[in-house]
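Participant: pasting a predicted model and its sequence here:
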Amino acid sequence: MNKQKIMLIPLDPVHDVGLKMVRRGLEEAGHETILLPPDLPVEEVIQEIAKSSVNTVLVSRTLGYGVAEILARFVDLLDAAGIRERVKVGIGGMAIRPELAAELGFDAGFGPGTTVEEAVAFVEDREYVEAKQRTIKHKTDFTIGYSYAYRHQGIKEKLDRITDMILTWAQGKTSPGVRRAEIRDELWDVHRWRDYEPMAKFEREYVKHSDEMVRNFYENGVLHSKTRRFSKEEVVGLEDYVARTIETMKVPQLSARAKPLVFNQYGTGCPFMDIGHIKVSEAWGADGVVHFDPSWGARTEGLLDGFLTHEEDGTVLTPANLNRIKRALEESTLWQIRAHRGLNTPETVVLAGKIGADLTKINICYGSLGAGTDPARLTVDAIAAIRFAVKYGMPFDVVTNEELCGVPAFKAFAGMLITAALGVRLGGKPILQPLFCKSPEVMVGGQMTDNYVEFNAAKIMALKEIVEAPIWPGAPVGFLTQTEDRVQSSASTAMHAVLASMLEVDAVTIASADEAYSGGPITVPSKIDTLRAVAEALRFYGHTTIAQTKQMEIWRDEIVTGIDKVLTDVVAKGDFVQALYDGVLGSREDGAYPGRSGRDTVVKQ
């Protein structure tokens, strides 16, 4: 490359920072530069160019009145002085667009977001090829390195006894959900399914353990109400959208810190919209996405198939829907499919594993005490689900339920630790998922009257004092701290993400700005608002740490003591499932009602 001589001109009252950065890049590339001071009259600038033997002139101009007139006069004076024919001239700045630069007579125009490399390529008279940043991110298994060793021996001993209790109680028991999961595991071949090969034996056995709605679908092709198949034109449009987006999209890092990883939830009801939301999340730096399924799906014995959309919240769990979403994901994106409650818990784990999900979600107490699934049914199903998660190599988070009812954190955490201990015993890799939220507990108890920091921090401190395990606050961060104001909602969520970062947890789930109080569909602008706010907050605080306060220590100790007491009560009860029915892990006074779905469906094998 021939050495060039370049004059850099800040045609501006004060600003020359951008040109200084360009100057450094040019000099590192071996070129000679001359940087003029800002606020020189145009006539004096022309004289300086005329006296020099520069090959290229780079001009910068920020926003201001009369920008076009000033730049047009500059080019006219270059022409009048006879300089324009021998010098290549580029212009950049906040006020510049390529179209404006060309109209004014410049050889190139560089607007906001221009890189130093683009300016160097212009000087060297070569085409600038933007680097495809598609390999800078990699999937992270954030369960690696955790021993699941207990630091609180009293709690460990009680969890061991409760785990024995659960496995003994469940021995020899099964359910329609477990049987369907076994059938899908044994007879449903994902590769044959992708090749459109019929699997008559699978369908014949599957419908025997499904309810009327699912049988009607497989035998007569009748869909759930308000649910329809995508048209051929819609499928073609989706494939075109995904191909074009993947071709042009970069995958940036949301934060310079290795953790927490940031997850964004989706579940619009429409897989086409979900994929759009996922691509937006990826484009703005999210590390992972979480599949949210509809409430009616959790109460239905069996899963449908087909590329389906419907008119309610959450997106239908079908092989076709999940397969489309999987194909649209970036290789670096972690993908979680929730299976934490409902009559399809174990089968969802099998389907997620065969389609290629990275993570799932299982919790007996949350799923059975939120007026969801019958405790006996979910206990049997969750054991099978954990075993399938182990088989398909999927870590699973164990979420709590403080945000939906008034269950105190210590009761919710006791239930979470029971499921996690069961998971470890069965060979799984559970992830603790306490919630960061302004829950009914703190609304009544006043723990967040002054700030949202200390009680949330106390939750994490309590768990770290009990066991060495990965921690992933979420479901979602900021939920119930938000208003209908998008700015406040995004800011609140960002602050919660920063708190997670300061507490050095492994991952965090964020909510879109309109998720908690949306009066309609969750919008793409709200996702971008929140992701940008989170990125800016994480950048602003960087590696700043949080000081431990006396109040955090008091609440930490209260939570640990409360967990120990609840586990003691479960051991005394002698029956984990009965403890769920009796409110030991969350009572009716707390707002936790045992679920009814699947009642009396547990049978002997």
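Facilitator: The structure has been received and is ready for your questions.

Participant: what about the closest residue to Thr315 other than its chain neighbours, how many neighbours?
Facilitator: Distances taken as CB to CB, 6 or more residues apart in numbering put Gly267 closest to Thr315, at 5.0 Å, once the chain neighbours are dropped. Just so you know, the C-beta spots here come from the backbone N, C-alpha and C atoms, and that holds for glycine as well. Counted with other CB atoms under 10 Å, the neighbours of Gly267 add up to 22.

Participant: quick one: contacts for Gly267?
Facilitator: Taking CB atoms under 8 Å, 6 or more residues apart in numbering, we find Gly267 in contact with 274, 291-294, 313-315.

Participant: which of these count as buried?
Facilitator: If you count burial by 16 or more other CB atoms under 10 Å, the buried members of those come out as 274, 291-294, 314-315.

Participant: let me see the domain layout of the chain.
Facilitator: Per the record, the chain has its domains at 5-133, 153-554, by automatic domain parsing.

Participant: what comes up buried for the helix or strand containing Leu580?
Facilitator: In this structure, Leu580 sits in helix 576-581 according to DSSP states H and E. The neighbour-count criterion (16+ other CB under 10 Å) identifies 576-577, 579-580 as the buried residues of helix 576-581.

Participant: nearest to Lys279 among these?
Facilitator: Using CB to CB, the shortest approach to Lys279 within the buried residues of helix 576-581 belongs to Leu580, at 40.3 Å.

Participant: name the nearest residue to that closest one, ignoring sequence neighbours.
Facilitator: Per CB to CB, 6+ apart, closest to Leu580 is Pro375, 3.8 Å.

Participant: ok, Met461 - contacts?
Facilitator: Counting by CB under 8 Å, 6+ apart, Met461 touches 503, 548, 552-553, 556.

Participant: where does it land in three-state SS?
Facilitator: Classification of Met461 by DSSP: H, G, I helix; E, B strand; the rest coil places it in helix.

Participant: the one 3 residues further on now?
Facilitator: Secondary structure, three-state DSSP: Lys464 is helix.

Participant: residue contacts, it?
Facilitator: By CB under 8 Å, 6+ apart, the residues touching Lys464 are Ile471.

Participant: how near is it to Ala458?
Facilitator: According to CB to CB, to the nearest Å, Lys464 and Ala458 sit 11 Å apart.

Participant: Val75 now?
Facilitator: 64 Å.

Participant: ok, now Ala494?
Facilitator: For Ala494, the distance to Ala458 - CB to CB - is 21 Å.

Participant: then Leu369?
Facilitator: Per CB to CB, Leu369 is found 23 Å from Ala458.

Participant: so for the two, which residue has more residues nearby?
Facilitator: Using other CB under 10 Å, the more surrounded residue of Leu369 and Ala458 is Leu369, with 33 against 24.

Participant: list the contacts of the residue nearest to the more buried one when sequence neighbours are not counted.
Facilitator: Nearest-residue entry for Leu369: Ala592, 4.1 Å, with adjacent residues in sequence omitted and distances by CB to CB, 6+ apart. By CB under 8 Å, 6+ apart, the residues touching Ala592 are 369-370, 401, 405-407, 583, 585-586.

Participant: in strands only, show me the residues you listed.
Facilitator: Among the contacts of Ala592, no member falls in strands (DSSP state E).

Participant: sorry, back to before: just give me the neighbour total for the residue nearest to Leu580.
Facilitator: Pro375: 25 surrounding residues under other CB under 10 Å.

Participant: then Met502?
Facilitator: Neighbour count of Met502, defined by other CB under 10 Å: 18.

Participant: which ones are touching it?
Facilitator: Applying CB under 8 Å, 6+ apart, we find Met502 in contact with 541, 544-546.

Participant: might you list the low-confidence residue ranges for this protein?
Facilitator: Filtered on pLDDT under 70, the chain yields the residue ranges 1, 63-66, 130-136, 371, 402-404, 475-484, 514-521.

Participant: so where's the longest helix in it?
Facilitator: Using DSSP state H, we find that the single longest helix of the chain is helix 550-573.

Participant: contact partners of it?
Facilitator: 152, 154-155, 158-159, 161-162, 165, 408-411, 413-414, 417-418, 447, 454-455, 457-459, 461-462, 465-466, 576, 579, 582, 584-585.

Participant: related to what we said a few turns ago, list only those of the contacts of Met461 flagged as buried.
Facilitator: With burial judged by 16+ other CB under 10 Å, the buried subset of those is 503, 552, 556.

Participant: now those as a markdown table including distance to Asp16?
Facilitator: Listed next are the buried ones among the contacts of Met461 as a markdown table, based on distance: CB to CB, whole Å:
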| residue | distance to Asp16 |
| --- | --- |
| Leu503 | 41 |
| Met552 | 47 |
| Arg556 | 52 |
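
Participant: and those residues, which is closest to Val214?
Facilitator: Ranked by distance to Val214 (CB to CB), those are led by Leu503 at 43.2 Å.

Participant: can you flag the buried ones in the contacts of Ala592?
Facilitator: Listed as buried from those are 369-370, 401, 405-407, 583, 585-586; burial here means 16+ other CB under 10 Å.

Participant: those residues in helices, which ones?
Facilitator: Among the buried ones among the contacts of Ala592, the members falling in helices (DSSP H) are Leu369.

Participant: for the buried ones among the contacts of Ala592, which one is nearest Lys3?
Facilitator: Nearest to Lys3 among the buried ones among the contacts of Ala592 is Asn401, at 67.4 Å by CB to CB.

Participant: skipping adjacent residues, who's closest to that closest one in space?
Facilitator: Tyr366 (4.3 Å).

Participant: could you tell me how many residues sit around the closest residue to His15 other than its chain neighbours?
Facilitator: Closest residue to His15 in three dimensions, ignoring its sequence neighbours and counting by CB to CB, 6+ apart: Thr62, at 4.9 Å. Residues within reach of Thr62, counting by other CB under 10 Å, total 19.

Participant: show me what the spatially most central residue of the chain is bridged to.
Facilitator: The chain has Phe263 as the residue nearest its centroid, 1.7 Å off, counting by CA atoms, centre = their mean. With DSSP bridges as the criterion, Phe263 is bridged to Gly288, Thr509.

Participant: neighbours of Gly30, how many?
Facilitator: By other CB under 10 Å, the residues close to Gly30 number 11.

Participant: and the gap between it and Lys5?
Facilitator: Separation of Gly30 from Lys5 (CB to CB) stands at 12 Å.

Participant: which stretches in the stretch 301-450 of the chain count as helices?
Facilitator: Along the stretch 301-450 of the chain, the stretches classed as helices by DSSP state H, counting those that start in this stretch are 319-328, 345-355, 364-369, 375-391, 409-425, 440-445.

Participant: list the buried residues in the helix or strand harbouring Ala243.
Facilitator: Ala243 is part of helix 232-248 when elements are defined by DSSP H and E. Under the neighbour-count criterion of 16+ other CB under 10 Å, helix 232-248 has 238, 242, 245 buried.

Participant: make JSON lines from these and add distance to Ile183 to it.
Facilitator: Converted to JSON lines, the buried residues of helix 232-248 look like this (distance: CB to CB, whole Å):
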{"residue": "Leu238", "distance to Ile183": "30"}
{"residue": "Val242", "distance to Ile183": "32"}
{"residue": "Thr245", "distance to Ile183": "36"}
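
Participant: tell me the one of the residues you listed nearest Val54?
Facilitator: Distances from Val54 to the buried residues of helix 232-248, taken by CB to CB, are shortest for Thr245, at 42.2 Å.

Participant: touching, that closest one and Lys279? I think so.
Facilitator: Yes. Counting by CB atoms under 8 Å, Thr245 touches Lys279, with 5.1 Å between them.

Participant: what is the end-to-end distance of stretch 587-594?
Facilitator: 9 Å (CA to CA, to the nearest Å).
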